[in-house]
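>>> Structure for this input, please:
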Amino acid sequence: MRILVLLAALAMPVVAFLSQRGVFGPDNGEVSARYPTLLVAAGYAFSIWSLVFALDLVHALRQLRARWRDDPLLARIAPATAAGFALTALWMPLFSQGLFAACLLVIFAALACLLWVAVRLSDAGAHGGAHLWSWLGLSLHAGWLSLAAFLNLAQSALAFGWIHPQAQLVSSLLLLAAATALLLWFNARMRGNLAYAAAALWGLVAMWVRQSGSTLPGSDPTARMALLAAALLAAQSAWLRLRARRLAATAH
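Numbers count the residues shown, from 1 in each chain. Below you'll find the predicted structure:
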């Protein structure tokens, strides 16, 4: 199973490279441009994938070391980690082909796998222990997908004709509210996972940047909502970490 984690971690950047060169069809930018939504981030935000892929590969390599061969935590998370990585890789060619229904199933399944892994690592205190690098990469991946899955849902709804291109505001605000609720819930569940929150904050601020300069009807309220979501997540993270430090100090 740990070999599968490594293979899936290697597959993600390879498939991303091929996808951006049109091997599977139009690249992500071209497909996204066909379905302009209010829930889209500025282009620079997607550079986070380079960091996520690199840190996921660090985890995949370190979990194969003899030192960690009998580690129960790494053994427990290996199946879900491999599945999350493989599903992330699979999403890219599906998106290039415009198979939005399949994309939604895949991205939410990947999100479920990696959220579960991030929670397990957080519960084990990995953010301050021997598994810091695993916690960092997998939490970033889960945090980005927690936002990206809802962005994909908004784009799919537009592609399916469920919403009108010029009347997206209500549905967009509802989806953004749902994404924010999910982020706040899991951030609280993980007692302030700063890596998880940081990935989502990166995306939310980039959404504010993009929508602040957009001409789509409803872009201004969406930009303000994205900024509000970012502020709530940042404030919650600061409060949760402060509370955790106080509890630790009291325990000693």
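>>> count of residues packed around the nearest residue to M92 once chain neighbours are set aside?
Closest residue to M92 apart from its sequence neighbours, by C-beta to C-beta, 6 or more residues apart in numbering: S19 at 4.3 Å. Every residue, glycine included, has its C-beta placed from N, CA and C. Neighbouring residues of S19 were enumerated by other C-beta atoms under 10 Å; the total is 20.
>>> doesn't S19 fall inside a helix?
Yes: counting by DSSP: H, G, I helix; E, B strand; the rest coil, S19 falls inside a helix.
>>> Just list the residues touching it, thanks.
Listed by C-beta atoms under 8 Å, 6 or more residues apart in numbering, the contact set of S19 reads D27, N28, M92, P93, F95, S96.
>>> Save those residues as TSV, and put in pLDDT too.
Conversion of those to TSV gives the following (pLDDT from 0 to 100):
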residue	pLDDT
D27	82
N28	80
M92	94
P93	94
F95	93
S96	91
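>>> Would you state the helices of the stretch 1-150 of the chain in chain order?
All helices of the stretch 1-150 of the chain, identified by DSSP state H, counting those that start in this stretch, fall at 2-20, 28-34, 48-62, 72-96, 100-123, 132-160.
>>> The first one relative to helix 72-96, how many degrees between them?
For helix 2-20 against helix 72-96, the angle by axes from the mean of the first three to the mean of the last three C-alpha atoms, to 10 degrees is 20 degrees.
>>> Any buried residues in helix 2-20, and which?
Within helix 2-20, the residues that count as buried by 16 or more other C-beta atoms under 10 Å are 2, 4-6, 8-13, 15-16, 19.
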